[in-house]
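S.K.: Sequence and predicted structure below; questions after.
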Amino acid sequence: MTVSDTSVAVPPPPDVNHADCPSRLILEHVTSRWGVLILAALRERSYRFSELRRHVGGVSEKMLAQTLQTLERDGFIHRDAKPVIPPRVDYSLTPLGHEVAEHVWSLARWSEEKVAAVTTAREAYDKTRAF
């Protein structure tokens, strides 16, 4: 058997434009409505579940729990459950989480700065579509 006989197929590099690229799921998680807000909040400090729910206005307990679990599974969030009574669980960013949080934080700040411009664009668009 020669070296060429043992070649192994090398997968193509990730490309978010391909339908089956795993990077799409990562992108979906970090740019979801709650994912962005949770990552941005955790940039500041660690939070307990109830604190984070109050900080991220409008998120339900179910969505917060699901989003935290998804971000933890992806390696962005560390869940620290302390064996005390009552139970205490703190959430913080991992090094990978800090990295992505900086990116979504920039996007969040940009969107705040551009609210007036987007509102103006929407109004102009709507005027052209009025019947």
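M.R.: Thanks, I have it. Numbering: from 1, shown residues only.

S.K.: Can you report phi and psi for Ala81?
M.R.: Backbone dihedrals for Ala81, given as degrees, to the nearest 10, come out at phi -90, psi 120.

S.K.: for His78, same thing?
M.R.: For His78, the backbone dihedrals (degrees, to the nearest 10) come out as phi -110, psi 130.

S.K.: tell me which residues form a beta bridge with it?
M.R.: Using DSSP bridges, the bridge partners assigned to His78 are Ser92.

S.K.: residues in contact with it?
M.R.: Taking C-beta atoms under 8 Å, 6 or more residues apart in numbering, we find His78 in contact with 72, 91-94, 97. Yep, even glycine has a C-beta here, placed from its N, CA and C like the rest.

S.K.: Please produce a markdown table containing these, extended by pLDDT and distance to Ser23.
M.R.: Below are the contacts of His78 laid out as a markdown table (pLDDT from 0 to 100; distance: C-beta to C-beta, whole Å):
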| residue | pLDDT | distance to Ser23 |
| --- | --- | --- |
| Glu72 | 98 | 19 |
| Tyr91 | 98 | 24 |
| Ser92 | 98 | 24 |
| Leu93 | 98 | 20 |
| Thr94 | 98 | 18 |
| Gly97 | 98 | 17 |
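
S.K.: Leaving out chain neighbours, which residue sits closest to the residue nearest the centre of the chain?
M.R.: The C-alpha lying nearest the average C-alpha coordinate of the chain belongs to Val30 (C-alpha atoms, centre = their mean; 2.0 Å). Of all residues not flanking Val30 in the chain, Val100 sits nearest, at 5.2 Å (C-beta to C-beta, 6 or more residues apart in numbering).

S.K.: you'd agree that neighbour is up against Ile77?
M.R.: No: counting by C-beta atoms under 8 Å, Val100 stays clear of Ile77, with 10.3 Å between them.

S.K.: want to throw the contacts of His78 into CSV with distance to Ala116?
M.R.: Putting the contacts of His78 into CSV (distance: C-beta to C-beta, whole Å) gives the following:
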residue, distance to Ala116
Glu72, 36
Tyr91, 33
Ser92, 34
Leu93, 31
Thr94, 36
Gly97, 31
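
S.K.: Show me which of these are buried.
M.R.: Those of the contacts of His78 that meet the buried threshold are 91, 93-94, 97, by 16 or more other C-beta atoms under 10 Å.
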